[in-house]
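# Sequence below, structure please.
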Amino acid sequence: MLKEFREFIARGNVIDLAVAVIIGAAFGKIVTSLVEGIIMPPVGLLLGKVDFANLFFDLSGAHPLSLAEAKTKGLPVIAYGAFLNDVIGFLIVAFVIFLIIRSLNKRKKVEAPPAMKDCQYCKTSIPLAATRCAACCSDLAVA
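I've put the predicted structure just below:
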């Protein structure tokens, strides 16, 4: 069983997956930093000096002044500002993945040169290297 496990781990796609998870986690931290530190402050400024990370809805009726105060007092709140930050972060990650997949798909669409051509006399499809048409028996000019 240990030998099978070692063979499983040594497969290329398992190692590729592990590398992808590690890079994805690091990329997630970068995106979180981008959203919280660069994107949301100007958006909050445009919307009336709002810090999205501190937006919350108080369920207790105690009217805390900040989300941090509500958390330290253990008050029930809905922290929808943090949720908005996470949604924007998710959209950025999804958009980057979309761009990567789109560029990979464009590379795959490189067409192979045609293997067939049409006979110049009867228009039947014949192999590219053919010198005589199988359908009409015409001699074809060699290009």
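# residue contacts, the nearest residue to Thr32 once chain neighbours are set aside?
Sequence neighbours aside, Gly89 is the residue nearest to Thr32 in space, at 5.6 Å (criterion: Cβ to Cβ, 6 or more residues apart in numbering). Yep, even glycine has a C-beta here, placed from its N, CA and C like the rest. Counting by Cβ atoms under 8 Å, 6 or more residues apart in numbering, Gly89 makes contact with Gly28, Val31, Thr32, Leu34, Val35.
# Which strand or helix spans the nearest residue in space to the fourth one that is not next to it in sequence?
Taking Cβ to Cβ, 6+ apart as the measure, Leu34 lies nearest to Ile92, with 6.9 Å between them; neighbours along the chain are not counted. Taking DSSP states H and E as the definition, Ile92 sits inside helix 80-108.
# Please compute how far the next helix or strand after that helix lies from its chain's middle.
Next helix or strand after helix 80-108 toward the C-terminus (DSSP H and E): strand 116-118. In this view, strand 116-118 has its centroid 40 Å away from the chain centroid, taken as Cα atoms, centre = their mean, to the nearest Å.
# Next: stretch 1-8.
Stretch 1-8 has its C-alpha centroid displaced from the chain centroid by 32 Å (Cα atoms, centre = their mean).
# same check, this time on stretch 124-132
44 Å.
# Burial check on Leu55, number of neighbours?
Neighbour count for Leu55, taken as other Cβ atoms under 10 Å: 17.
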